[in-house]
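>>> Okay, here's the prediction I keep looking at, along with the sequence it came from:
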Amino acid sequence: MSQSLDAIFRPRAVALVGASRTPGTIGWMLLDNLLHYGYTGAVYPVNPKANAVHSVPAWPSIASIPGEVDLAVIAVPKQVVPAVAEQCGRKGVKAIIVITAGFKEVGPAGASLENEVLEIARRHGMRMVGPNCLGVLNTSADVRLNATFAPVMPPAGPISFMSQSGAMGVTILDYAAEYGIGINHFASVGNKADLSGNDLVEYWSEDPATSVILMYLENFGNPRRFTRIARRVTKKKPIIAVKAGRTRAGARAASSHTGALAGLDTATDALLEQCGVIRVDTVEELFDMAMAFGLLPVPQDDTVAIVTNAGGPGIIIADACESAGLRVAELSAATQQRLRQDLPDEASVRNPVDMIATATAGNYRLALEAVLADPNVGSAIAAFVPPLGVRQLDVALQIVRARENYAGMPVLAVLMGREGLPQGRAELNEAGIPAYIFPESAARALAALNRYRQWRERPEGTYRRFDIDEAVARSALARPFADGYLPPGDASTLLVAYGIPAVAARMAASEQEAADAAEAVGYPVVLKVVSPDIVHKSDVGGVAIDLRDEADLRRAYREVLARVRLEAPAARVDGVRIEQFVKDGIETIVGMSHDPTFGAVLMFGLGGIWVEALKDIAFGVQPVSDIDARTMVTSLRSRAILEGMRGEPPSDIPLLVEVIQRVSQLVEDHPEIGELDINPFVVFEKGGIALDARVRVRRPGTAGSAQISNN
């Protein structure tokens, strides 16, 4: 992998096909960037109508170039691209960057042309970036490659950046140059016909000059491959991503709880969280994180000290830190005494440390040194609001001096006011201290560093395979209703075949059969109407619980059917289901829905009638490890209910983790399952049992896994 992309990022010679003498054109800007920023290799402009471009000898075709060419940048009309690609292949070019637009992004005709170019590249063993892209760059001093038409070149640094959007790529490079964020490699992948984000992450994972990977994503080509790669890479290098597309307009209304609650963005969040990728919502947040991850060490713990000359920013930072999962450290008595000796009586020496508006630049140094020396402190944020007579630059320099003896601890700065960042930013950045304008930005960035620490410390997890009864499972899946849902009895049988306990139950088509079924199951029982047309039985009065004898059973049978005929007169009723009545325990839900991009998306939360009302749920993308499943359970806001509250015994959380994994195996073994709800799954102190289940089998032709590319 590394050698195949070296031709893109470390080429010995570059040919620009479509080099132009007209200022302002893409062919002119590409050549200008290659020359202006000092590319260390040979540059060959290709233009059949010119002897020279930018005072550099031009060649009429790629074939006429006398030397070897590693990389060809193609900026010609789209109809000519296949012929140029063929010439590159015959020349022995190792990689091509197709800047030209008008391919897959414009419709079927463009997609056909793109496939033609891709076939040529693969036949000749060439890697291809694009088409419809901005290009690539490498700021390394021994390469200095700017094969883009962006108007700026960012400073060199440890961050490698992938953008799926060329327009966003221009913005990203502009931001990086303005904020002094060091970029190592940049790649705009465009339509991702060949080179993908997955390829780049793998390449950068092996690149010693890259320590942070940033991504702007609009879609996933192969999410399962991304998961495998990212899980491995994020254990040694952070990946931070902006994933655009938080909604799917016009999405169908799902009939299951899981389908109704799991959307495209939910699946994206689950996927990125499972592989340790830090997701942000905006490009601004992406650069907030980039500054922190590019400059700071990972904190040793989640504690933070705040030093400021104004109470308001200190309170804002403290609130933001706590909300993001950080702990505002409790300073030791010795630290507070040390601060008291150096600060005015009006100052607050508790955390946040408010030195008040009269604080000098020297006070910042003394206060920061004091809190950084405190064993209760793992990181620090210094916030400065410019009063009269104190310069931001002086404060910045003192913050730098305070940090000198604590290089292993993250220190962030907030320089507020209209002139905050320009004065002192360079000094802070050079010393490895990211500077922000707003308090919340610093808190978010430090919290993200802490989440990354937690991810690196998290065990890898295992993917269990359980012994199951495959023959029984296949038999249960073979008889769905016309709408694809399994009869309740078959749904329960399917669960039991996969080792998921389910209540004893029998079907009944008459009142007498219901009485006989109740006798066989054993009182007390539950009676539920069975209808392929009724999704939520309790909504139409189709459930009666805690029936203690035959008289209760017969009365409930008549009343339930009467209510159903009244509330849902058009529904087809196939009888009733008599189940063992289970009381006590905590009701949970374990579910799954099928996403066309990500495949099976699993859900866990509090169940019963509360699932959609409370929406206290967690998601995971199949397959889930034992650690993923436990995280789904423990990440609920209401996890205290499962852990035991006010003297109540804790629930059997290991069983819930196992049930989630068994469902993960079930839907992996049977991709024809489109939706599944176990609701409720009642969990006790020891053990648990499924009271109800809905399973929908997809129509023939849609039973396979999600259609995904090789990227």
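Structure's in. What do you need? Numbering: from 1, shown residues only.

>>> any chance you could map the helices in the stretch 51-200 of the chain?
Counting by DSSP state H, counting those that start in this stretch, one finds helices in the stretch 51-200 of the chain at the ranges 81-91, 108-123, 166-179, 197-205.

>>> which residues make contact with the shortest one from outside it?
Outside helix 197-205, the residues that touch it by CB atoms under 8 Å, 6 or more residues apart in numbering are 1-2, 5, 9, 160, 162, 164, 185, 187, 189, 210, 213, 215, 217, 221-222, 225-226, 229-230, 232-233, 236-237, 239, 711. Any C-beta I mention is one placed from the backbone N, CA and C, and that applies to glycine too.

>>> Ranking the helices of the stretch 51-200 of the chain by mean neighbour count, which comes first?
Mean neighbours per residue, mean count of other CB atoms under 10 Å, is largest over the helices of the stretch 51-200 of the chain for helix 197-205, with a mean of 24.

>>> Go ahead and flag the most central residue of this structure.
Central residue of the chain (CA atoms, centre = their mean): Leu272, 2.7 Å from the mean position.

>>> helix, strand or coil for it?
Under DSSP: H, G, I helix; E, B strand; the rest coil, Leu272 falls in the helix class.

>>> Quick check: nearest residue in space to it, chain neighbours excluded?
Leaving aside its chain neighbours, Leu272 sits nearest to Arg279 (4.8 Å; criterion: CB to CB, 6 or more residues apart in numbering).

>>> need the contact list for the residue nearest to the centre of the chain.
230, 241, 243, 278-279.

>>> By pLDDT, give me the weakest of these.
Within these, Lys243 has the lowest pLDDT, namely 79.

>>> what residues does the strand or helix carrying Ile213 touch?
Here Ile213, judged by DSSP states H and E, is contained in strand 212-217. Contact partners of strand 212-217, identified using CB under 8 Å, 6+ apart, comprise 158-165, 168-169, 172, 197, 200-201, 204-205, 233, 237-244, 283, 286, 290, 293-294.

>>> CA atoms only for it, dumped as PDB, please.
Below are the C-alpha coordinates for strand 212-217, written out as PDB (Å, rounded to 0.1, in the frame of the first residue of the first chain):
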ATOM      1  CA  VAL A 212      -3.000  13.200  13.100                       C
ATOM      2  CA  ILE A 213      -5.500  12.300  10.400                       C
ATOM      3  CA  LEU A 214      -8.400  14.600   9.500                       C
ATOM      4  CA  MET A 215     -11.200  13.700   7.200                       C
ATOM      5  CA  TYR A 216     -14.100  15.600   5.500                       C
ATOM      6  CA  LEU A 217     -16.600  12.800   4.500                       C
END
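
>>> Could you export the helix or strand in which Leu527 is found as CSV, CA atoms only?
Following DSSP H and E, one finds Leu527 within strand 525-530. What follows is strand 525-530, C-alpha atoms only, in CSV (Å, rounded to 0.1, in the frame of the first residue of the first chain):
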residue,chain,number,x,y,z
VAL,A,525,-50.7,-15.7,31.7
VAL,A,526,-50.8,-12.8,29.1
LEU,A,527,-53.2,-12.8,26.1
LYS,A,528,-52.1,-10.9,23.0
VAL,A,529,-53.9,-10.5,19.7
VAL,A,530,-52.1,-11.9,16.7
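
>>> which element follows it toward the C-terminus?
Next element after strand 525-530 (DSSP H and E): strand 543-547.
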